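Undergrad: Sequence below, structure please.
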Amino acid sequence: MNSNLDYKQQVAALNQWFETDLGQMVLEQESRVLQALARKLFGYYLLEVGLLCKHPDYMQSSPIRNFVRVGPCHEGGSELVALPEQLPLASDYIDAVVLPHTLDYVLDPRQVLREVERILIPEGRVIITGFNPFSLWGLWRMMPGSGRHLPWKGHFIPYARLQDWLSLLGFDVEQTQTLLFRPPWKKAFLKQRFPRLDRIGQRFWPWFAGVYVIVAVKRVSTLTPIKPRWRLERKLRKVVAQPIANCSRGELEE
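TA: Prediction:
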């Protein structure tokens, strides 16, 4: 995304893919998880920072009624049109943030996380969905020609690395959910096998899911109280004065 035109083309292509049957399947599976997580969010403001123009339906289950979207698609219902790396919001203001595949396709995912940390209140939460590179979906990127097209040419950040980034920014990961162990195929006959593959994957190899959902909370480090300097200086005087007095007595005795 070296230019504004390239960025708009990338966003248009990404939204076009999520309108396909495969993209809709991903959104439907994620929506079930997000609805359950949204019920546990509390506060005054919920923010979604994304690149998708489709209006989310998980908000209906959230007790937070003030919902704001930041994205590139004003016609799709975004209240704020802005880049995810430069959020036009005050610091320590938002109670919860949702990043639906945002980190997979932005230019600088770590900068987006820095912005999220900045605008979240202490104990605020961020929900992140992303494609797992160590999965059948990740392997599909290695197919000839796939790496040049969306959605396969995204970052596909491993969630172990994402957890490290979050930890460096002062977040604690509360939970991680995995879904979509099925391959990214369009074959109709595989649809009957999909639920079975998902159940087996959840039980035996959860780390190889196609999509992960991470919930992290922003922690605030507690300050260690420092004793007044005059008390410390008084203690030092006592410690230093005692050996000097002993030395003085020894000299007098000699």
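Undergrad: show me where the stretch 51-200 of the chain has strands.
TA: For the stretch 51-200 of the chain, strands defined by DSSP state E, counting those that start in this stretch occupy the ranges 66-71, 80-81, 94-100, 120-131, 171-179.
Undergrad: Out of those, which is closest to residue 59?
TA: strand 66-71 (5.1 Å; CB to CB). The way it works is simple: take the backbone N, C-alpha and C, and place the C-beta from them, glycine included.
Undergrad: Quick one: the strands of the stretch 51-200 of the chain as a markdown table, columns for mean neighbour count and distance to residue 14 too.
TA: Below are these laid out as a markdown table (neighbours: other CB atoms under 10 Å; distance: least, CB to CB, whole Å):
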| stretch | mean neighbour count | distance to residue 14 |
| --- | --- | --- |
| strand 66-71 | 18 | 11 |
| strand 80-81 | 14 | 16 |
| strand 94-100 | 24 | 11 |
| strand 120-131 | 21 | 12 |
| strand 171-179 | 17 | 20 |
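Undergrad: For the ones you listed, give me a markdown table that also has distance to residue 162.
TA: Compiled in a markdown table, the strands of the stretch 51-200 of the chain are given as follows (distance: least, CB to CB, whole Å):
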| stretch | distance to residue 162 |
| --- | --- |
| strand 66-71 | 20 |
| strand 80-81 | 25 |
| strand 94-100 | 10 |
| strand 120-131 | 7 |
| strand 171-179 | 9 |
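Undergrad: worst average pLDDT in these?
TA: Per-segment mean pLDDT for the strands of the stretch 51-200 of the chain reaches its minimum on strand 80-81, at a mean of 86.
Undergrad: now for it, which elements pack on it?
TA: strand 66-71 (3 or more CB pairs under 8 Å, 6 or more residues apart in numbering; DSSP states H and E).
Undergrad: got the CA positions of the strand it packs on in CSV?
TA: Output in CSV follows, covering the C-alpha atoms of strand 66-71 (Å, rounded to 0.1, in the frame of the first residue of the first chain):
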residue,chain,number,x,y,z
ASN,A,66,-22.2,3.7,22.1
PHE,A,67,-20.7,2.0,19.1
VAL,A,68,-18.2,3.7,16.8
ARG,A,69,-16.5,2.4,13.6
VAL,A,70,-13.2,3.5,12.1
GLY,A,71,-12.5,2.3,8.6
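Undergrad: Now do it: which elements does it pack against?
TA: If contacts are counted by 3+ CB pairs under 8 Å, 6+ apart, strand 66-71 sits against strand 45-49, strand 80-81.
Undergrad: So which of the ones you listed is nearest residue 170?
TA: Set against residue 170 and scored by CB to CB, those come closest in strand 45-49, at 18.4 Å.
Undergrad: Strand 66-71 and the closest one, what's the angle between them?
TA: Strand 45-49 runs at 20 degrees relative to strand 66-71, counting by axes from the mean of the first three to the mean of the last three CA atoms, to 10 degrees.
Undergrad: Quickly run through the sheet partners of strand 45-49, with directions.
TA: strand 66-71 (parallel), strand 94-100 (parallel) (DSSP bridges).
Undergrad: Output the ones you listed in JSON lines; the columns should cover distance to residue 58.
TA: Shown next, in JSON lines, are the strands paired with strand 45-49 (distance: least, CB to CB, whole Å):
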{"stretch": "strand 66-71", "distance to residue 58": "10"}
{"stretch": "strand 94-100", "distance to residue 58": "8"}
